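Colleague: output the structure for:
(one chain, ligands or ions: 1)
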Amino acid sequence: MNTASRPGSPAGLRDANRRRVLDAVRSAGAPTQAEIAVTTGLAPATVSNIVRDLGATGVLVAGDEVRAGRRVRAVRLVRGAGLVAGIDFGHRHVRVALADVADPTAAAGHPAPPQRAELRADLADGHGVADGLDTAAGLLDEALGRAGIDRAALRGAVVGLPAPLDLATGAVGASGVLPGWVGVPLAGRVSEHLGVPSSVDNDATLGTLAEQRWGALRGIDDGIFLKLSDGVGAGLVLGGALYRGPDGTAGEIGHVVVDPGDRFAAVCRCGHRGCLETVVSTRTVTAMLAPLLGAPPTVAEVVARARDGYAPASRILADTGHHVGVALAGLCTVLTPRRIVVGGELAQAGDLLLAPLHAALAAAALPGTTRTAEVVVAELAEHAPVLGALALALDRCAA
Ligand SMILES: [Zn+2]
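Modeller: Sure, this is the predicted structure:
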């Protein structure tokens, strides 16, 4: 579980088929193998092999039942098969969520994410890996304790980080917002620290997965999820599948240059000047109001002031939406997405941000390509990355 199998590879196909079978059982409750074959489109022999394999891992059980006078072999999730954890690290916070492997509401397309315990803690600015993992492990134990569940029931965890990640090694890239984590082969460290198989992933990618499964990207084959927080990133759904790129780092829209200016454009932590993130991160947005207010406000305060008619706050949110729209326009012209989902801390600004974003998009993208692209706020709000981590952990519990 330390590394993700590549989509399209034999292992990737096997994992995808297992996920489809698991999802079919979650949705239907106790389907027969023939019903699973119909739902998933897989050959009956493939379904039979997967049910046997998942039976061996203790996730599924097949048993004979009589239905309408006929003996059938029904497949069910095993109650007490264990739990998985999703963990989401931000620049100054960590969230931990738990879900039961046998929870039927974890099926893709369910109108709400699985029932869960979720806890959050603040982290110091510039915290290191050891501090972060200690805090996450403490939250995990607290969540398990509150649910009255033994740590031994934990089957695996997925950790999200606001940084590009090398999916092969699980190492944290340098242009993320966690300077204390750069270069650390994190997947191994997390597995050691938590004592369960673990993997790491980018938080915007995980947010996309959660919105695709249980939120605003449900049923959307071509869409973009945008995370606007301290870090700015995106996830892409193309042709119905999450697109990660060849090395897993696709979607780094925060490093698209929107201010091609000269030496006056801000230097980004990636080394370029004028990246989108230098113009629209929450840190930049709040810092711009600090001289007027005497101290940097929170994002919630900026939004509240804008709603109260405080013109500088409205202007800053409008400019932020405009810059994001300009950066998205190129992507929209090339990819023609049907829906753009705005998440992250800045999404709480709602139309104050989305209206100028959409106007800039319409003005800069090829006419026609944006006509059908809706711009909406993320349904899962700030929970999207931790729920995406949970979704991936639920998928992988059977791998
Ligand atoms: Zn950059």
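Colleague: isn't Tyr243 right up against Thr249?
Modeller: No - using Cβ atoms under 8 Å, Tyr243 makes no contact with Thr249, being 11.4 Å away. (Each C-beta comes from the backbone N, C-alpha and C, glycine too.)
Colleague: how close does the residue sitting furthest away from the middle of the chain get to the ion?
Modeller: Distance from the C-alpha centroid of the chain, by Cα atoms, centre = their mean, peaks at Gly69 (45.5 Å). According to Cβ to the ion, to the nearest Å, Gly69 and the ion sit 67 Å apart.
Colleague: apart from its chain neighbours, what residue comes closest to the residue in the stretch 1-150 of the chain that the ion sits nearest to?
Modeller: At 15.4 Å from the ion, His91 is the closest residue in the stretch 1-150 of the chain, using Cβ to the ion. Counting by Cβ to Cβ, 6 or more residues apart in numbering, Asp230 is the residue found nearest to His91 once chain neighbours are left out, at 4.1 Å.
Colleague: what is the neighbour count of the one you found?
Modeller: Neighbourhood size, Asp230 [other Cβ atoms under 10 Å]: 20.
Colleague: per-residue pLDDT, it?
Modeller: At Asp230, the predicted lDDT confidence score is 88.
Colleague: contacting residues for it?
Modeller: Contacts of Asp230 were listed using Cβ atoms under 8 Å, 6 or more residues apart in numbering, and they are 90-92, 162, 177, 281-283, 345.
Colleague: from these, pick the one nearest Gly330.
Modeller: Gly330 lies nearest to Ser281 out of these, by Cβ to Cβ, at 19.7 Å.
Colleague: what about the closest one, neighbour count?
Modeller: Ser281 - counted by other Cβ under 10 Å - has 25 other residues nearby.
Colleague: residue contacts, it?
Modeller: Going by Cβ under 8 Å, 6+ apart, Ser281 touches 228-232, 254.
Colleague: among the residues you listed, who's most crowded?
Modeller: Counting by other Cβ under 10 Å, top hit in the contacts of Ser281: Leu228 with 32 neighbours.
Colleague: now do that residue against the ion, distance only.
Modeller: In terms of Cβ to the ion, Leu228 sits 15 Å off from the ion.
Colleague: residues of the stretch 251-399 of the chain that sit close to the ion?
Modeller: For the stretch 251-399 of the chain, the residues in contact with the ion (Cβ under 5 Å from the ion) are 255, 268, 270, 272, 275.
Colleague: lowest-confidence member of those residues, which is it?
Modeller: Cys270 (85).
Colleague: in stretch 266-276, what counts as buried?
Modeller: Under the neighbour-count criterion of 16 or more other Cβ atoms under 10 Å, stretch 266-276 has 268-270, 273-276 buried.
Colleague: what of stretch 301-319?
Modeller: Neighbour counts over stretch 301-319 (16+ other Cβ under 10 Å) mark 302-303, 305-306, 310, 313-314, 316-319 as buried.
Colleague: same question for stretch 368-385.
Modeller: 369-370, 373, 375-380, 382-385.
Colleague: do stretch 125-134 as well
Modeller: 127, 129, 132-133.
Colleague: a markdown table for these, including distance to the ion, secondary structure and pLDDT?
Modeller: A markdown table is the format used below for the buried residues of stretch 125-134 (distance: Cβ to the ion, whole Å; DSSP: H, G, I helix; E, B strand; the rest coil; pLDDT from 0 to 100):
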| residue | distance to the ion | secondary structure | pLDDT |
| --- | --- | --- | --- |
| His127 | 22 | coil | 82 |
| Val129 | 23 | helix | 86 |
| Gly132 | 23 | helix | 90 |
| Leu133 | 27 | helix | 91 |
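Colleague: other SSEs contacting the longest helix along the chain?
Modeller: For the chain, the longest helix by residue count, based on DSSP state H, is helix 311-335. Applying 3 or more Cβ pairs under 8 Å, 6 or more residues apart in numbering; DSSP states H and E, one finds that helix 311-335 contacts strand 223-228, strand 232-238, helix 276-280, helix 282-293, helix 299-307, strand 339-343, helix 351-364.
Colleague: show me where the stretch 1-150 of the chain has strands.
Modeller: 60-67, 70-77, 83-89, 93-100, 117-122 (DSSP state E, counting those that start in this stretch).
Colleague: a markdown table for the ones you listed, including distance to Thr205?
Modeller: Output for those, formatted as a markdown table (distance: least, Cβ to Cβ, whole Å):
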| stretch | distance to Thr205 |
| --- | --- |
| strand 60-67 | 28 |
| strand 70-77 | 27 |
| strand 83-89 | 12 |
| strand 93-100 | 16 |
| strand 117-122 | 20 |
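Colleague: low pLDDT regions in the stretch 51-200 of the chain?
Modeller: Along the stretch 51-200 of the chain, the parts satisfying pLDDT under 70 run over 174-177.
Colleague: please, where are all the helices along it?
Modeller: Using DSSP state H, counting those that start in this stretch, the helices of the stretch 51-200 of the chain run over 129-147, 186-194.
Colleague: can I get the first one in PDB, CA atoms only?
Modeller: Presented in PDB, the C-alpha positions along helix 129-147 are these (Å, rounded to 0.1, in the frame of the first residue of the first chain):
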ATOM      1  CA  VAL A 129       7.300  15.900  10.200                       C
ATOM      2  CA  ALA A 130       7.700  14.400  13.700                       C
ATOM      3  CA  ASP A 131       5.400  17.000  15.300                       C
ATOM      4  CA  GLY A 132       2.800  16.600  12.500                       C
ATOM      5  CA  LEU A 133       2.800  12.800  12.700                       C
ATOM      6  CA  ASP A 134       2.600  12.800  16.500                       C
ATOM      7  CA  THR A 135      -0.400  15.100  16.400                       C
ATOM      8  CA  ALA A 136      -2.100  13.000  13.800                       C
ATOM      9  CA  ALA A 137      -1.400   9.800  15.800                       C
ATOM     10  CA  GLY A 138      -2.900  11.400  18.900                       C
ATOM     11  CA  LEU A 139      -6.000  12.500  17.000                       C
ATOM     12  CA  LEU A 140      -6.300   9.000  15.600                       C
ATOM     13  CA  ASP A 141      -6.200   7.400  19.000                       C
ATOM     14  CA  GLU A 142      -8.700   9.900  20.400                       C
ATOM     15  CA  ALA A 143     -11.100   9.200  17.500                       C
ATOM     16  CA  LEU A 144     -10.700   5.400  18.000                       C
ATOM     17  CA  GLY A 145     -11.200   5.800  21.700                       C
ATOM     18  CA  ARG A 146     -14.400   7.900  21.400                       C
ATOM     19  CA  ALA A 147     -15.700   5.200  19.000                       C
END
